[in-house]
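this one's structure only:
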């Protein structure tokens, strides 16, 4: 399985678990691509999932799809230019690149600096 990522500024959260060879649990909803034949394509927009963008394809026996990667303001390069995720482990939550959430003290300090400056 190859999961490409399309970064997008969003405040919601994406949770993906690879629950089978070609099965993903995306924010608690099951998407099973087991029956997609080699060389087959599900056109962009045909899968009823707002997180899947672009077509879902099986190329050389491997499932290829693209997911939106939500991020906050001022993302790092690791988030804005992410590598594809290849063969995430079955039964585990997929690990996406992310930026640490700032501590509330850091946010307040930054806001005060903006007011003073």
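Perfect, I can see it now. None of these values were measured; they are calculated from a predicted model.

can you name the next helix or strand after the lengthiest strand in the chain?
For the chain, the longest strand by residue count, based on DSSP state E, is strand 62-71. Elements were assigned by DSSP states H and E; along the chain past strand 62-71, the next helix or strand is helix 77-80.

buried residues, that next one. List them.
Residues of helix 77-80 classed as buried: residue 79 (neighbour count, 16 or more other Cβ atoms under 10 Å). The C-beta positions use only the backbone N, C-alpha and C, and glycine is treated the same way.

pairing partners for the longest strand of the chain, with directions?
Each strand that pairs with strand 62-71, with its direction, by DSSP bridges: strand 2-9 (parallel), strand 52-59 (antiparallel).

mean neighbour count, mean pLDDT and distance to residue 69 for those - can I get that in CSV?
Written out in CSV, the entries for those read as follows (neighbours: other Cβ atoms under 10 Å; pLDDT from 0 to 100; distance: least, Cβ to Cβ, whole Å):
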stretch, mean neighbour count, mean pLDDT, distance to residue 69
strand 2-9, 15, 97, 4
strand 52-59, 18, 97, 10
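
redo those strands as JSON lines? Include distance to residue 99.
Formatted as JSON lines, the strands paired with strand 62-71 follow (distance: least, Cβ to Cβ, whole Å):
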{"stretch": "strand 2-9", "distance to residue 99": "11"}
{"stretch": "strand 52-59", "distance to residue 99": "21"}
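
so for residue 32, which of these sits nearest?
Minimum separation from residue 32 across the strands paired with strand 62-71 (Cβ to Cβ) falls at strand 52-59, 11.2 Å.

what's the burial count for the residue lying closest to residue 30 once chain neighbours are set aside?
On the basis of Cβ to Cβ, 6 or more residues apart in numbering, the spatially nearest residue to residue 30 that is not a chain neighbour turns out to be residue 23, at 6.6 Å. Counted with other Cβ atoms under 10 Å, the neighbours of residue 23 add up to 16.
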